[in-house]
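Enquirer: How does the following fold in three dimensions:
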Amino acid sequence: MEIGTRRPLGEILLELGVVDKGQLRLGLVHHHEVRVPLGRALVSEGVCTEADVLRGLAVQFDVDAVDLDRHPLDRSLTALVPARVARQYGVVPLGLEQREDREVLHLAVPAPLSLDAVDDVRAVSGKARVEPHLASDSALSRALSALYGIRETEEAPQEQRRPAVPSPPLMLYGWPPVTAVLISRSLARSGITSRVATPLEVLHTRANDVVLAPLQAMEGLLAGEVHIEGSLIVHGTSDDEGFERARKLGARGFLANPRDQELLLRAVRRLRPDAGSEPPSWQGHS
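Expert: Below is the predicted model:
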């Protein structure tokens, strides 16, 4: 999948007949002015329901959706997905299925899909196959509360809090010049600085560095034998092969379309929760 080939959510919702062009325009205005995901903006404007948005997201990510409010929760599955992992990624175990010679763990996840979440659940559960299903944020919050007692408003314990430390610019590696400029501008609109990095700089990253690169470029640089110290977000095809290749590189984030600002920001903020918390003072609304 090439840069920009992921279909926009608005286009999908139009095709599904969930919204018309006027309603989509209203949602886009809300999306840009309030800086919330388009789906949430459409729901806030009363244009469509969370279930409608979830249908669109399922098409966009080519993953099945699940109505978590109607799905029975199994407390025994919390032994496979501990509260620490469920809280970190906002995921909920759905069930186990025997498929041929292996057990498949079905997992409710928020959009966009997190390679880190699926990989970590696979590791802690011991299940070789973890199959993600998209669920709405509100349904996931209710399920996390019911299964684990995790509340959305919970705050980290005082001893776990750390003083804010300025983060270095996000490192862009292996992109065509025009694409690098577009990604950099997209990040800048949310107050996140970035810069183009050399191969040597990527190889010598530190723990607080984040690198965004095409999957193929990183495979060429690391030759499948080296893992960088910094966190890696890669762009590749959203299939099993793409996920597996990213996992071998030690990637902690996966994007099918890094020019989708909403998905890009979510991936960056998973690794840097304080990144771009506010737009810069000079930035106007687009």
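Enquirer: if we look at stretch 17-32, which residues are touching it?
Expert: With CB atoms under 8 Å, 6 or more residues apart in numbering as the test, stretch 17-32 has contacts from 10, 13-14, 36-38, 41-42, 44-45, 47-48, 52-53, 55-56, 285-286. C-beta coordinates here come from the backbone N, C-alpha and C atoms, glycine included.
Enquirer: Can you say which of these are buried?
Expert: 10, 13-14, 37-38, 41-42, 47-48, 52-53, 55-56 (16 or more other CB atoms under 10 Å).
Enquirer: Dump those residues to JSON lines, plus distance to Pro132.
Expert: Converted to JSON lines, the buried ones among the contacts of stretch 17-32 look like this (distance: CB to CB, whole Å):
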{"residue": "Gly10", "distance to Pro132": "23"}
{"residue": "Leu13", "distance to Pro132": "21"}
{"residue": "Leu14", "distance to Pro132": "25"}
{"residue": "Pro37", "distance to Pro132": "18"}
{"residue": "Leu38", "distance to Pro132": "21"}
{"residue": "Ala41", "distance to Pro132": "24"}
{"residue": "Leu42", "distance to Pro132": "23"}
{"residue": "Val47", "distance to Pro132": "27"}
{"residue": "Cys48", "distance to Pro132": "23"}
{"residue": "Asp52", "distance to Pro132": "20"}
{"residue": "Val53", "distance to Pro132": "17"}
{"residue": "Arg55", "distance to Pro132": "16"}
{"residue": "Gly56", "distance to Pro132": "17"}
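Enquirer: From the residues you listed, which shows the smallest pLDDT?
Expert: By pLDDT, Pro37 ranks lowest within these, coming in at 82.
Enquirer: Which strand residues bridge Leu232?
Expert: In this entry, Leu232 is beta-bridged to Val211, by DSSP bridges.
Enquirer: Near it, how many other residues are there?
Expert: 26 (other CB atoms under 10 Å).
Enquirer: Tell me how far Val268 lies from Val104.
Expert: According to CB to CB, to the nearest Å, Val268 stands 31 Å off from Val104.
Enquirer: Show me which of those two is the more surrounded one.
Expert: Using other CB under 10 Å as the criterion, Val268 and Val104 rank with Val268 on top: 24 against 16.
Enquirer: give me phi/psi at that one?
Expert: Main-chain dihedrals, Val268, degrees, to the nearest 10: phi -70, psi -40.
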